[in-house]
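In: Fold the following.
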Amino acid sequence: MRSDPIRSKLCEGCDAHGGLQSLIEQTPRIYRCHAGLVDFSVPIIMGDTYVGAIASGQVRVADTEQPDFLTTGTSWQGDPHLQDLYNKVPVYSRRRIAAAAETLFGLSRSPSIIRDCPLVNLPSHVVVPSAGTSPTAQQRVRLLRLAPRAEGEDADEAADHEQPSESHAALRDALDAEDLATAFSEIGALLDEAFAAEGDLRDHLASIEDLVVAVAQDCAPRAAPHLTHLVQSQRGRRTSSGNRYQSQLYMERLLTMVLDDILRSRPQRRPDLRDLLNEIARHPNRALSLTEASTALHWSPGHLSKLFKSVTGCTFVSYITAQRISRARLMLACTQMPVRKIAVDLGFNQVNYFSRVFRAHTGVSPSEYRRQYSARDGGPAGVSLPAHNHPLLRA
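Out: Coordinates of the predicted model:
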């Protein structure tokens, strides 16, 4: 269809109209294209900026489930070749298409997806790496800073022109979505790069603390004064050679306080799978079983297992194990704690079993990992887990 210049323009018009309609409605839009195939469009929005849209579909549905044409339908049924190709297009239920659209819509709202999108019009002071590269440690720490003060501008005037940083938006969105795992991952990346950056570590850590307090002022104002007091107290005791592992625990504590205040402000909220995911994030060293989790949620193990896989893309056991191994990597790289003690703290009864599981995830033994990454920057602090599918979190 798109090999014909005239029909190709009609296809492109459907794509553009679908993206516009999904933007206007702020939801996925399912429609029939001019050729009669079923498509859907998902808007990608960062703040007030429309970045683009995800266009997907190109399938058929039963006659009783057909959505409306987005534009005027075209007649091509007289072309035997096109008719043959049309008959080969797979048929899906409207419900399955809607589920796919909602899944992509949830992913499009993930802070990591939006943050890494190269089309977003970020403030001029934010460093945007070229495609295929990532910011250096120094650049990443600079992302924490707000807009630079203009020459001759005093502190009060500069405060009036401050714009939220990229990291501020990512943390705020994660906490507002009650996604503690993403918030911890974001703060872990910032800490990794702060410890690797040149200059006084205390200044880098202070920038991250300021970021967390600013996020609290945005989405958990009742917790902000207490966080400010804790931060000021911590700075008074900080030395120039901080510990990466202890810094992670400290920052996670601050973020947990912010989330707790957000949850208290939502008394009508119904419990859902986010509560379990946040509990896992709060206690990454706990070897939680599927039975324990399903009992706490009052669901059957089978139902929880199926829902958990659909939301995270991982089985329950693999997700829990990945969290524990992620914490083990940080402890090995940034502490002198014996391997046996780390294994016990992470719920592994036998150090040999811990070593086998660790090697399966990292390719090296715990001792070899420690030799490779025991340095000031601590090496990799976390693992990449699939973004949560928030529209499916409710049981």
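In: quick one: low-confidence parts of this protein?
Out: 24, 46-50, 71, 109-164, 375-395 (pLDDT under 70).
In: tell me the domain ranges of it?
Out: 5-107, 109-150+162-269, 271-395 (automatic domain parsing).
In: Mind listing what's buried along stretch 15-30?
Out: For stretch 15-30, burial by neighbour count (16 or more other CB atoms under 10 Å) applies to 15, 17-23, 28-30. Any C-beta I mention is one placed from the backbone N, CA and C, and that applies to glycine too.
In: So what does the residue in the chain sticking out farthest from the centre look like in phi/psi?
Out: Distance from the C-alpha centroid of the chain, by CA atoms, centre = their mean, peaks at Gly78 (47.9 Å). Phi and psi for Gly78, reported as degrees, to the nearest 10, are phi -80, psi -10.
In: what distance separates stretch 51-70 from the centre of its chain?
Out: 27 Å (CA atoms, centre = their mean, to the nearest Å).
In: Give me the contacts around stretch 90-99.
Out: By CB atoms under 8 Å, 6 or more residues apart in numbering, the surrounding residues in contact with stretch 90-99 are 28, 30, 38, 40, 57, 59-62, 65, 67.
In: need the next SSE after the lengthiest strand in the chain, C-terminal direction.
Out: Taking DSSP state E as the assignment, the strand of the chain that covers the most residues is strand 49-59. Next in sequence after strand 49-59, counting helices and strands by DSSP states H and E, comes helix 80-88.
In: Tell me which residues of that next one come out buried.
Out: Tyr86.
In: Report the distance from it to the chain centre.
Out: Worked out by CA atoms, centre = their mean, helix 80-88 lies 41 Å from the chain centre.
In: okay, it in PDB with CA atoms only?
Out: Extracted in PDB, the C-alpha atoms of helix 80-88 (Å, rounded to 0.1, in the frame of the first residue of the first chain):
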ATOM      1  CA  PRO A  80      -6.300  -8.800  -6.600                       C
ATOM      2  CA  HIS A  81      -2.800  -8.400  -5.200                       C
ATOM      3  CA  LEU A  82      -3.800  -6.100  -2.400                       C
ATOM      4  CA  GLN A  83      -6.900  -8.200  -1.700                       C
ATOM      5  CA  ASP A  84      -4.600 -11.300  -1.300                       C
ATOM      6  CA  LEU A  85      -2.300  -9.300   1.000                       C
ATOM      7  CA  TYR A  86      -5.200  -8.100   3.100                       C
ATOM      8  CA  ASN A  87      -6.500 -11.600   3.600                       C
ATOM      9  CA  LYS A  88      -3.100 -12.500   5.100                       C
END
